[in-house]
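**Student:** my questions are about this predicted structure, shown below with the sequence.
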Amino acid sequence: MREKIAIALLCGVALSGCTTYTRVHDYFYGPPRFIVFFPGDSATLTPDAKTIVKAASDRIASHHPASVVIAAGVTAGDNMDLSAPRFAAVHDALVADGVHEDLIARAPIPGPKIAETTAKDGASTADQRVEIRLLDKTP
């Protein structure tokens, strides 16, 4: 009987440690963020993008954030028309995975904060992404 009580106490301490670790991690590194890339002038989720959105929805279901912000990135001078359909693609995938629509908010990725990366062909990929951010507070 004492062994069962000791095991139960150890499990409780271990689980509370996971929550503490998550809070400390988020404090230092910011809220969880999932980055979804789109190919070229497309707003269609690739299989890799679907996997990332599924990981985000699983994290949302297990951690219950106050809000989920979808930020569609488009750099200055690029095709602004792609921002809305890319937001919609990620939004619809999250809702299909069980994320409540009231949790989701839309935001732009500010130009100076976009990390410029270059694809193999030399094209910028900063405008081809959408970020999913999980926040403890509503925006």
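**Tutor:** All right, it came through fine. Numbering: from 1, shown residues only.

**Student:** does residue 128 touch residue 38 like I think?
**Tutor:** Yes: with contact defined as CB atoms under 8 Å, residue 128 reaches residue 38; the gap is 4.9 Å. No exception for glycine: its C-beta is placed from N, CA and C like everyone else's.

**Student:** so residue 131 touches residue 71, yeah?
**Tutor:** Yes: shown here, residue 131 and residue 71 form a contact pair, counting by CB under 8 Å, at 4.5 Å.

**Student:** the more surrounded of these two?
**Tutor:** A count of neighbours by other CB atoms under 10 Å puts residue 71 above the other of residue 131 and residue 71, at 22 against 18.

**Student:** and the one helix or strand that one maps to, what other elements does it pack with?
**Tutor:** Under DSSP states H and E, the secondary-structure element containing residue 71 is strand 67-72. Strand 67-72 is packed against helix 83-96, strand 104-108, strand 129-135, with contacts defined by 3 or more CB pairs under 8 Å, 6 or more residues apart in numbering; DSSP states H and E.

**Student:** out of those, nearest to residue 45?
**Tutor:** For residue 45, the closest of the helices and strands packed on strand 67-72 is helix 83-96, at 5.4 Å, according to CB to CB.

**Student:** tell me what angle that closest one forms with strand 67-72.
**Tutor:** Here the directions of helix 83-96 and strand 67-72 differ by 150 degrees (axes from the mean of the first three to the mean of the last three CA atoms, to 10 degrees).

**Student:** and helix 83-96, what's buried?
**Tutor:** Residues 83, 86-87, 89-91, 93-94 are the ones in helix 83-96 that count as buried (16 or more other CB atoms under 10 Å).

**Student:** burial measure for residue 47, as a count.
**Tutor:** For residue 47, the tally of surrounding residues (other CB under 10 Å) stands at 6.

**Student:** between the buried residues of helix 83-96, which sits nearest residue 67?
**Tutor:** Looking at these and their distance to residue 67, the nearest is residue 94, at 12.2 Å (CB to CB).

**Student:** wait, that closest one sits on residue 106?
**Tutor:** No: using CB under 8 Å as the test, residue 94 is too far from residue 106 to be in contact (12.0 Å).

**Student:** got any residues that touch both of these two?
**Tutor:** Common neighbours of residue 94 and residue 106, using CB atoms under 8 Å, 6 or more residues apart in numbering, are residue 70.
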